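1. What shape does this take:
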Amino acid sequence: MTTQYPSAVSLERLVNLNDPEPPAEELELVEVTRCGPGCTKHSQAVHNAVSLIADRVTIPDKFLVPWNSPSSATDYIAFAASSLNMVRWSGLVKEFDSLPMVPSKQNNDLLKIWLKLISRYKTCLDGNPDPDNPIVKHYFPFCIQDPLLLQIILYTSSCFLNETGHMPKMGVMAHKGKAINMLNTHLRSQTHQTGDSVIAGVVQLIIDEWYWGDTDDLRAHMRGLREMIRIRGGFHNLGMDGLLAKMVICHDIGISVAHEIKTFLGDHTKFDFRDSTIVPFRIAHNSPFVNNLPSFAASAEALGLHPITASILDDVRFLINAVTSLPNNPSPEDLQKIATMSAWMYERISKLPKESPDGRAIEDSKFRNANCINTNGAAVPAEESAWPTYAGEDTLSPDSGLGSETSYAGREGSVASQAQAQAQAQAQAQAQAQAQTQDGAMAVRPKSNPSSPRYQDEALRPDFIYRVVRTAALINIRAVQNREPMSKTCTMDEFLTVWTTSWRVPLTTWRGMVGIFNWIMVTIVPLSHGDAHERFVRSMFMISMVSRAMEDWGLFMAASAATMRLQAWLAVGWGKKEGGKLTAGGDVVRRHGFLNTGWE
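-> Predicted coordinates:
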C-alpha cells in the first residue's frame, strides 16, 4: 500500500509552467489588476476581490525574505543535494537544530511560516488560538517531533509560498517528493503502516492537494486513507483520545460540503465514532443549520447583530429546518408548503434595504480590509490602536453568554429557555468585567477622528454584517424555492458581494459568531471552485469547520448533518444524486497564483 509521485498530471503541470496561452479567466483577472481609477468595465465587487488577493500575497513578507532572489536557484540545488545525504549547508537557525529535519535556511523559513502563520489559523478564524485547544495542546507538538509530519509541514508551507509567489514550483515539487518518499517508507513498514503519524500525514496531504494540488493525487490519498482506517478497525480505534478521528471526519465532511457531494469515508454523517463529552453551549456556535438552539433574536445583543439581521437568520433557520424535517418521500402538499414559505420569505427579505437595515446608503468606492496580520501572525483589526472602544465590543468573544433579550420578538428553539437561563449569570459577570476593561482601554487609547475612514468602517460594521447575511439568505431561500444547489443558484455578483463585504468585518468579530460565518461560507464556497479566490475561500470555510468541531463536536455534527441533508434535497431537485464533483486546487494556483508576484 504505497502512493505514487509525481502523478502524470503533476509532471505535465511542472513541464508546462510557462503556458504560452493562459486561460481567458486569467487574462481578465490580470486586466483588472491593471485598471486605473474610475474603471467602468468591472464592477466594484470585482475590484474589491482583486484587492483582497493583492493584500494576501504580501503576508509572507512579514516573516521572511522573499525567495525570488538571484541566489534562489543555487539554494534549491543545495537543498536537493542535502536532502539526499543529510549534509548541512549554510543558513541554519540554531533553535531548530534539534528537530528531525534537514537543517537549512529554507527549511527554517518554511517552519517559521508554519509556526507563526499557518498553524495559527488551523483552529480559529482570527489566528489567536486557545492554548487549551486539543490541536494546539497535543496535535501540533506531535507533528513537530515526528519526521514524516514535519516534512509534510515543510511541504504545506512551500505550497502556500508558491501560491503567494515567494517560492518557485520546483521547490514545492522537491518537498512533495521527499514527503511522499517518507510516506511510502512508512507504508511498507508493518510497524508504521497504519500508525497515527501516517494517518495524520495523509490527512494533511489531502488538505494540501485540495488547496494546491491535483485531483488525481487527492483521490489517491483519500482511497489510501479509507483503507488505512479499515485496517485499523474503524474511526473509534484511531489514537490521540479521539482527536485524530475528529480531524479525519471533519475534513471529509468539509470537502464533501464544499463540493455538494457525499462524504468519501462515511455515509453522510454516519461514522463509527462517538464523543460523549458534554460541553457548555457557546453562543458563538449558534447556527442557522440547527433548530433547537436559542433564537437569533434572543441572542442578537450578545452576538452584536442588528435586530433585523437576527430576524433574517431566524427565518432562514425556520426554512432549513422545514426542509430537513421532510420525509424521504414528501407528498406534493409538503413540497408546496416549502415552495409557498420560501416565496413569502424571499419577497419579504428582498424588500428590505440592500445595504443597511436602516436604509442608509454606504459608499463602496474605497474598499478597506478590516483585518491586518501582525508580526505574531494573528489577525487584528486594521489600525486597531486608532479605533475607539465601544460598549459591548468584548461580548463578541467565542465564550460569550446570552445577553438580555432585544425588543424584537423571535422564535425560541426547544432548548432556548434552558440555555438562556444557564448563560444569564455568566453574561452578567462578563458584563461587569468588560465594563472595567473598556474603562481602562478608553483611558489609554488615543481618541479617534470620527471622520476617519477606519472609524466609519467600524461604525458601519453592523451594516456590513447585515449586507452579508441578507445576501446569503436570499441565495439560500432562492435555492430552496427553485430546489437547485447553491452552486447553481448563487451568481458571481452575489458571491463577490458576500466575500468582499465579509472582509470589512474583523475576523475577531466573525470568530464570535463562527456558526453564522460557517453558514455564510457554506453558501458561497460551492461557487468558488475554479475561481481565482478558490483557495482563500476554501481555507476560510475549512477553518470554520475545524474550529467548531474541536470546540463542540456534538453541535458540529448536528449542523453538518443538516447541511448535507439540505444539499442532498437540493441536488435531487436539480436531477442529480450529488450536486457537484471533487476537484483539487492546483489548476487555479497555476493560473492565478503568480498574478502579483513576478514569477515566471
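2. which stretches of the stretch 201-350 of the chain form helices?
-> Here the stretch 201-350 of the chain has its helices, by DSSP state H, counting those that start in this stretch, at 215-232, 243-259, 300-303, 307-324, 332-350.
3. which parts of the longest one are buried?
-> The reference is to helix 332-350. 338, 341-342, 345-346, 349 (16 or more other Cβ atoms under 10 Å). Where you see a C-beta, it was placed from the backbone N, CA and C, and this is true even at glycine.
4. Present these as a markdown table; the columns should include distance to Tyr466 and pLDDT.
-> Shown next, in a markdown table, are the buried residues of helix 332-350 (distance: Cβ to Cβ, whole Å; pLDDT from 0 to 100):
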| residue | distance to Tyr466 | pLDDT |
| --- | --- | --- |
| Ile338 | 26 | 95 |
| Met341 | 22 | 96 |
| Ser342 | 21 | 96 |
| Met345 | 16 | 96 |
| Tyr346 | 17 | 96 |
| Ile349 | 11 | 96 |
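5. ok, the residues you listed vs Leu111, which is closest?
-> Distance to Leu111 across the buried residues of helix 332-350 (Cβ to Cβ) is lowest for Ile349, with 47.9 Å.
6. for the closest one, what are its contacts?
-> 312, 315, 470, 473-474, 477 (Cβ atoms under 8 Å, 6 or more residues apart in numbering).
7. export the residues you listed to CSV and tack on neighbour count?
-> Below are those laid out as CSV (neighbours: other Cβ atoms under 10 Å):
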residue, neighbour count
Ile312, 26
Asp315, 24
Arg470, 23
Ala473, 25
Leu474, 21
Ile477, 26
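8. Would you mind giving the helices of the stretch 201-350 of the chain as CSV with distance to Leu150 added?
-> Formatted as CSV, the helices of the stretch 201-350 of the chain follow (distance: least, Cβ to Cβ, whole Å):
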stretch, distance to Leu150
helix 215-232, 18
helix 243-259, 17
helix 300-303, 39
helix 307-324, 42
helix 332-350, 50
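9. Of those helices, which is nearest His166?
-> Of all the helices of the stretch 201-350 of the chain, helix 215-232 sits nearest to His166, with 22.6 Å by Cβ to Cβ.
10. Secondary structure element for Phe556, which one?
-> helix 553-573 (DSSP states H and E).
11. Give the buried residues for that helix.
-> 553, 555-571.
12. so what's Arg226 closest to, chain neighbours aside?
-> Leaving aside its chain neighbours, Arg226 sits nearest to Leu265 (5.5 Å; criterion: Cβ to Cβ, 6 or more residues apart in numbering).
13. and the one you found, what does it touch?
-> Neighbouring residues of Leu265 by Cβ under 8 Å, 6+ apart: 222, 225-226, 229, 248-249, 252, 271.
14. and Ala45, what pLDDT?
-> Ala45 is assigned 60 on the pLDDT scale.
15. quick one: which of the contacts of Ile349 is nearest Ser356?
-> Arg470 (9.9 Å).
16. That closest one: which element?
-> Element membership of Arg470 [criterion: DSSP H and E] is helix 461-482.
17. Quick check: next helix or strand after that helix?
-> helix 486-489.
18. tell me the mean pLDDT over that following helix?
-> 93.
19. Flag every buried residue along that helix.
-> Of all the residues in helix 486-489, those buried under the rule 16+ other Cβ under 10 Å are 486-489.
20. quick check, nearest of the residues you listed to Pro462?
-> Taking Cβ to Cβ as the measure, Pro462 lies nearest Met486 of these, at 25.3 Å.
21. and the gap between the closest one and Ala472?
-> 10 Å (Cβ to Cβ, to the nearest Å).
22. list the residues that contact both of those two?
-> By the contact definition Cβ under 8 Å, 6+ apart, Met486 and Ala472 are jointly contacted by 523-524.
23. give the contact list for Ile207.
-> Applying Cβ under 8 Å, 6+ apart, we find Ile207 in contact with 156, 251, 542.
24. OK, contacts around the second one?
-> Meaning His251. Per Cβ under 8 Å, 6+ apart, neighbours of His251: 203, 206-207, 542, 545-546.
25. same question, the first one
-> With contacts defined as Cβ under 8 Å, 6+ apart, the neighbours of Thr156 are 114, 118, 204, 207-208.
26. if I look at the closest residue to Arg483 other than its chain neighbours, how far off is Val203?
-> Nearest residue to Arg483, sequence neighbours excluded (Cβ to Cβ, 6+ apart): Gly573, at 2.8 Å. According to Cβ to Cβ, Gly573 stands 33 Å off from Val203.
27. one step back: same list (the buried residues of helix 332-350) but as TSV, adding distance to Leu238.
-> What follows is these, written out as TSV (distance: Cβ to Cβ, whole Å):
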residue	distance to Leu238
Ile338	39
Met341	42
Ser342	41
Met345	42
Tyr346	44
Ile349	44
